[in-house]
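Enquirer: pasting the structure only:
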Ligand SMILES: Cc1cc2nc3c(=O)[nH]c(=O)nc-3n(C[C@H](O)[C@H](O)[C@H](O)COP(=O)(O)OP(=O)(O)OC[C@H]3O[C@@H](n4cnc5c(N)ncnc54)[C@H](O)[C@@H]3O)c2cc1C
């Protein structure tokens with residue numbers, strides 16, 4: 001296996017660190033090393049979860065075979081480097097869909113298990129790990145173990161959401177959901193302020209399998225938190241108008257060919273875009289059909305959109321606030337952002353259902369807010385510390401798959417099951433071979449001892 005030392009980053013392009021890359025070609029070459037190692041899928045986590053400064057990074061992208069697809073039962077077994085895009089190409093024409101999907105399909109199965117990703121349906125279906133039937137995990141001593149919710153379940157739930165720190169996920173078996181078309185029936189509803197928007201998200205008559213709200217992060221004063229709630233479900237044949245062509249037009253993907261100058265995304269340009277989007281999407285009063293690609297993966301149509309943020313990159317700040325105090329907590333976060341006068345290109349609110357069994361999984365019953373914030377200066381990190389305090393005061397947590405800057409102390413306070421996780425980590429990886437820049441920053445897995 002050839003090793004290459006190169007500067008590497010996550011999707012936010014911050015931080016950039018020197019890592020030694022191993023790119024195994026075959027499943028049999030997925031092996032732990034005698035030095036610090038972390039697995040990496042598609043590098044779509046935003047911060048330093050799939051980085052290992054001055055250490056090894058194991059790229060799983062070539063270990064991506066689809067091994068078995070039971071078309072009757074909707075069960076798929078694949079190597080962990082397979083992407084959701086590769087899987088969708090095979091399962092959708094057979095009438096099946098992913099039980100949970102993040103907002104991009106360019107992620108690996110291994111990355112979805114390790115971050116226990118959630119989608120727009122968490123309040124109904126839980127997170128990715130809830131639908132995983134079993135995995136094969138390659139441990140620090142080189143042994144391969146099968147684990148699942150019923151077999152070696154402690155190790156399974158330490159790995160689901162465990163950010164690659166218990167071992168290399170080699171294979172994943174996943175239960176899919178049946179669909180009767182590749183379209184989604186969508187309903188939009190505009191809200192003039194955060195109170196209206198929050199009420200809509202709680203309204204059972206507006207609810208559907210999928211629900212998400214876009215927030216105009218530049219709106220202030222009486223319009224603070226205005227936005228559009230969008231809900232949907234996989235369309236049934238009865239929902240097609242007569243004559244509607246049930247076929248998705250192939251979309252030509254555009255790509256950002258170079259780094260935008262940092263000033264391209266500024267308060268003015270973002271406010272102008274948001275105003276337009278609010279009018280255009282909020283004006284859709286009737287339910288409409290959307291191809292699954294544009295509903296679930298709107299940003300995938302623009303390749304390398306992360307370059308829009310310029311060379312210094314950006315941070316995605318994603319947190320969840322406990323449902324009992326979510327209105328107050330999210331409003332405080334939006335107010336702090338508005339007071340800072342920093343532009344956020346994207347602000348998305350989702351409802352999350354009950355906490356799952358993953359010991360370090362992010363979701364808990366409440367509301368999650370995600371903000372994309374360009375890095376212009378150090379003042380951004382002062383603002384983010386302030387947001388951490390608001391999150392902590394409201395019993396919430398920050399999502400590790402998006403994080404690049406949380407402190408070890410805040411991490412401990414946000415993830416109360418860390419000690420349970422650490423016991424299992426120490427049993428399977430006593431020398432802490434699986435470690436990443438994130439795990440050292442957050443002093444996880446005995447990295448600080
Ligand atoms: C546009 C966009 C939208 C997104 N939307 C969502 C969303 O809606 N919901 C959500 O939950 N997340 C979302 N994400 C985050 C993304 O789904 C997660 O970060 C996911 O983990 C990325 O998968 P990856 O293959 O790129 O993993 P990487 O970024 O390469 O790695 C992420 C973590 O998984 C570990 N890992 C990867 N492969 C393996 C393996 N084989 N064995 C062990 N550990 C492994 C890595 O060590 C690392 O800790 C989004 C990201 C982007 C860029």
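Expert: Received the coordinates, thanks. Because the structure is predicted, anything quoted here is derived from the model rather than measured.

Enquirer: so who does residue 66 touch?
Expert: 76-79, 82, 86-87, 90 (C-beta atoms under 8 Å, 6 or more residues apart in numbering). Every C-beta, even on glycine, is put in place using the N, C-alpha and C of the backbone.

Enquirer: quick check: the gap between it and residue 82.
Expert: Shown here: residue 66 relative to residue 82, a distance of 6 Å by C-beta to C-beta, to the nearest Å.

Enquirer: next: residue 397.
Expert: Applying C-beta to C-beta, the value for residue 397 to residue 82 is 29 Å.

Enquirer: same drill for the two, tell me which one is more crowded.
Expert: A direct count of neighbours by other C-beta atoms under 10 Å for residue 397 and residue 82 places residue 397 higher, at 27 against 24.

Enquirer: what pLDDT is listed against the more buried one?
Expert: Note on residue 397: pLDDT of 98.

Enquirer: and what of the one 4 residues further on?
Expert: Residue 401 carries a pLDDT value of 98.

Enquirer: pretty sure it is in a helix, no?
Expert: Yes: assignment of residue 401 by DSSP: H, G, I helix; E, B strand; the rest coil places it within a helix.

Enquirer: now do the contacts for it.
Expert: Residues near residue 401 by C-beta under 8 Å, 6+ apart: 45-46, 49, 115, 117, 163, 362.

Enquirer: let's see that with 6 Å instead.
Expert: Residue 401 sits next to 45, 49, 115 when contact means C-beta atoms under 6 Å, 6 or more residues apart in numbering.

Enquirer: which ones are touching residue 5?
Expert: Contact analysis of residue 5 by C-beta under 6 Å, 6+ apart lists residue 20.

Enquirer: same question for the helix or strand hosting it, mean pLDDT?
Expert: Element membership for residue 5, per DSSP states H and E: strand 3-8. Predicted confidence along strand 3-8 averages 88 (mean pLDDT).

Enquirer: and the contacts of residue 401 near the ligand, which?
Expert: By C-beta under 6 Å from any ligand atom, the members of those lying near the ligand are 45, 49, 115.

Enquirer: and these as JSON lines, adding secondary structure, pLDDT and neighbour count?
Expert: Formatted as JSON lines, these follow (DSSP: H, G, I helix; E, B strand; the rest coil; pLDDT from 0 to 100; neighbours: other C-beta atoms under 10 Å):
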{"residue": "45", "secondary structure": "coil", "pLDDT": "98", "neighbour count": "30"}
{"residue": "49", "secondary structure": "coil", "pLDDT": "98", "neighbour count": "25"}
{"residue": "115", "secondary structure": "coil", "pLDDT": "98", "neighbour count": "31"}
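
Enquirer: pretty sure residue 179 sits against residue 235.
Expert: No: using C-beta atoms under 6 Å, residue 179 makes no contact with residue 235, being 8.6 Å away.

Enquirer: this structure against the ligand: which residues are in contact?
Expert: 11, 38-45, 49-50, 60, 80, 102-104, 107-108, 110-112, 114-115, 117-119, 163-164, 168-169, 299, 401, 436.

Enquirer: so of those, which ones are in strands?
Expert: Those of these mapping onto strands are 38-40, 168-169, per DSSP state E.

Enquirer: still on that earlier bit, can I get the contacts of residue 401 in a markdown table with distance to residue 368?
Expert: Below are the contacts of residue 401 laid out as a markdown table (distance: C-beta to C-beta, whole Å):
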| residue | distance to residue 368 |
| --- | --- |
| 45 | 16 |
| 49 | 17 |
| 115 | 14 |
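
Enquirer: show me which of those is closest to residue 175.
Expert: Residue 175 has its nearest neighbour among those in residue 115, at 18.7 Å by C-beta to C-beta.

Enquirer: relative to the strand holding residue 5, what are the paired strands and their orientations?
Expert: strand 17-22 (antiparallel) (DSSP bridges).

Enquirer: quick one: distance of the partner strand to the chain centre.
Expert: A distance of 23 Å separates the C-alpha centroid of strand 17-22 from that of its chain, computed with C-alpha atoms, centre = their mean, to the nearest Å.

Enquirer: equivalent analysis for stretch 431-449, please.
Expert: Centre-to-centre, stretch 431-449 and its host chain are 22 Å apart (C-alpha atoms, centre = their mean).

Enquirer: what of stretch 394-407?
Expert: That offset, for stretch 394-407, works out to 12 Å (C-alpha atoms, centre = their mean).

Enquirer: repeat that for stretch 234-243.
Expert: The answer for stretch 234-243 is 30 Å, by C-alpha atoms, centre = their mean.

Enquirer: I'd like to know the average pLDDT value across stretch 371-382.
Expert: Mean pLDDT, stretch 371-382: 94.

Enquirer: that stretch: how far from the chain's middle?
Expert: How far stretch 371-382 lies from its chain's middle: 20 Å, per C-alpha atoms, centre = their mean.
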